[in-house]
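1. how does the following fold in three dimensions:
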Amino acid sequence: MKSRRNFIKKTAITSAGIAVMPSISFANNRKNNVQKLKVGVIGVGLRGTNHLNNLLKRDDVLVTAVCDIDPARIAIAEERIAKAGKKKAQIFGKNDLDYRNLLALKDVDAVVISTPWLWHTRMAVDSMKAGKYTGLEVSAANTLEECWDLVNTHEETGSHLMILENVNYRQDVLAVLNMVKQNLFGELSHFRCGYQHDLRAVKFNDGKQAYGGGVEFGEKGT
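-> Residues are numbered from 1 along each chain as shown. Next up is the predicted model:
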């Protein structure tokens, strides 16, 4: 009960602080911030283009580089950047490893990686070793060894890695995590969870939309 009271008390204090000083809590003073974060986008498929669209809406971000081995997706990315009235980004995509040339750029502070799953750990490790802030789409790893690769690289380099699974940062999920840290449940010995998601229309879309367009194969599919 003592732990539960502490949890409720800390939550109340945090809420009160946010109400009194929202500009500090949520960094609303972006207009006073002259420096802009220079971001490279690695992978501009459906998810990567979504990230690109969000980045282009921000006045504190510059998209300085884009990488993808699919010329059609690069063309879409360049069109979005131009439509947003932003400066043309450097383009990479000559081969599977051209992303490393993007990581070598001085005018890239951070990267968002939205490539096929099997490339995620390798690219994130290279990004952290290059000293870039790294936003990594899910799944971040496919094996236990790859999980350790991410942890070890962070500890060796001090570079930051954020896994871009939005559910992890939902209010109710963070509340439960806080309860676990406060030891409200005692020792946790077993977990069971699932994430069921029908991705057929996403993975085999009609080239025009990712949801609701049915499943297409061959020339019609993207």
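2. how about the helices in the chain?
-> For the chain, applying DSSP state H gives helices covering 2-20, 22-25, 46-56, 71-83, 99-103, 120-129, 144-157, 171-181, 200-203.
3. count the neighbours of the nearest residue to residue 80 once chain neighbours are set aside for me.
-> Of all residues not flanking residue 80 in the chain, residue 52 sits nearest, at 6.0 Å (C-beta to C-beta, 6 or more residues apart in numbering). Quick note: C-beta positions are derived from backbone N, CA and C, even for glycine. Burial of residue 52 is recorded as 24 neighbouring residues (other C-beta atoms under 10 Å).
4. distance of residue 52 from residue 74?
-> Distance, residue 52 to residue 74, by C-beta to C-beta, to the nearest Å: 11 Å.
5. swap in residue 198?
-> To residue 74, residue 198 is 29 Å away according to C-beta to C-beta.
6. one more: residue 207?
-> 16 Å.
7. the two: who's more crowded?
-> Using other C-beta under 10 Å as the criterion, residue 207 and residue 74 rank with residue 74 on top: 18 against 12.
8. these two touch, right, that one and residue 81?
-> No - the pair residue 74 / residue 81 is not scored as a contact, 10.6 Å apart, by C-beta atoms under 8 Å.
9. count the neighbours of the residue nearest to residue 45 when sequence neighbours are not counted for me.
-> Leaving out its chain neighbours, the residue that sits closest to residue 45 by C-beta to C-beta, 6+ apart is residue 73, at 6.0 Å. A total of 19 residues lie near residue 73 under the criterion other C-beta under 10 Å.
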